[in-house]
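Asker: Just a sequence and a predicted model for now, questions to come.
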Amino acid sequence: MRPKRVLVKLSGEALAGQAGYGLDGGTLTALAADISNASREGVEIAIVVGGGNFFRGVQGLTKGLDRTSADSIGMLGTVMNALALEHAIESAGAPARAMSAVPMPSLCESYARKRALDHLTNGKVVVLGGGTGNPYFTTDTGAALRAAELGCSHLLKATQVDGVYSADPKKDPAATRYDTLTHEDAIKRDLKVMDTAAFALARDAGLTIVVFSIAEAGMLAAVLRGEGRATYVTP
Ligand SMILES: Nc1ncnc2c1ncn2[C@@H]1O[C@H](COP(=O)(O)OP(=O)(O)OP(=O)(O)O)[C@@H](O)[C@H]1O
Ligand SMILES: O=c1ccn([C@@H]2O[C@H](COP(=O)(O)O)[C@@H](O)[C@H]2O)c(=O)[nH]1
């Protein structure tokens, strides 16, 4: 594959490195180098970053928060990640622009489709925080939404596992890995590597999803060349 424009859904949890919480400087630097190298090779890259290293809305429910407040905290976590990534990617040598779906103009640009498209065509890596900007959603759904509206051909889910399995491989050692499957298979089998809304939106928009582990250096560039260990979810 040599796509012109892709959307990378970057795991928030992966940014924590070994610590498991917050931001790890070494991990950020390594990821930013991969992203910046891919951008310099001419691929237009939009990134939707998750927030699992800070807060997930469902965690708030167990602390007595209502869902909307909990999701607001979750979205703020993703904006923190977007700002950190913007800085790390620029330090690695590629121009980058953070945009937030929740307006906070003194911190970064607010997300607007046409502005994002301008940045992409001008060679900037666009780092999108705030998910969809609405509670009751996830950044996976945000990734499918932005991939569709920004005209990306692929949604690259850079996460902690090396593909889609028959069950969560972190919980079930007997789970088997798929090389390929359809969006419909993923929805029918209730495979929770992404939520159903994200799979359905990607299916309707005709987006190919590539699920791969970001733990290995150079994996993003490999996936963009159509190489490396990954699962392809195709229409
Ligand atoms: N069928 C499955 N195949 C692969 N992984 C699965 C499956 N079911 C559940 N998972 C889990 O889904 C996780 C990836 O999705 P998830 O969106 O929760 O995390 P993430 O990509 O790290 O994002 P973030 O930290 O930003 O929330 C994997 O780490 C894996 O443990
Ligand atoms: O559109 C969105 C996206 C995310 N949230 C909240 O943020 C956290 C972190 O995102 P992850 O996708 O889990 O990494 C999520 O749990 C939601 O609470 C949101 O409300 N709307």
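Answerer: That came in fine, so what should we check first? Ligands and ions are numbered 1, 2, ... in the order given.
Asker: Pull the distance from stretch 120-131 to the chain's centre.
Answerer: Centroid separation for stretch 120-131 versus its chain: 12 Å, with C-alpha atoms, centre = their mean, to the nearest Å.
Asker: could you dump that stretch to CSV, C-alpha only?
Answerer: Extracted in CSV, the C-alpha atoms of stretch 120-131 (Å, rounded to 0.1, in the frame of the first residue of the first chain):
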residue,chain,number,x,y,z
LEU,A,120,-2.6,18.2,5.4
THR,A,121,-2.0,19.4,1.9
ASN,A,122,0.7,21.8,3.1
GLY,A,123,2.6,18.8,4.6
LYS,A,124,1.7,19.2,8.3
VAL,A,125,0.9,16.3,10.5
VAL,A,126,-2.5,17.1,12.0
VAL,A,127,-3.0,15.8,15.6
LEU,A,128,-6.6,15.7,16.6
GLY,A,129,-7.6,15.8,20.3
GLY,A,130,-11.0,15.7,21.9
GLY,A,131,-12.3,12.7,19.9
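Asker: what's the average pLDDT for it?
Answerer: Mean pLDDT, computed over stretch 120-131, is 98.
Asker: Check stretch 197-213 too.
Answerer: 97.
Asker: From start to finish, how long is that stretch in a straight line?
Answerer: Using C-alpha to C-alpha, to the nearest Å, one end of stretch 197-213 lies 22 Å from the other.
Asker: all helices for this structure, in order.
Answerer: Along the chain, counting by DSSP state H, helices occupy 25-40, 57-62, 67-91, 113-121, 139-149, 183-188, 196-204, 219-224.
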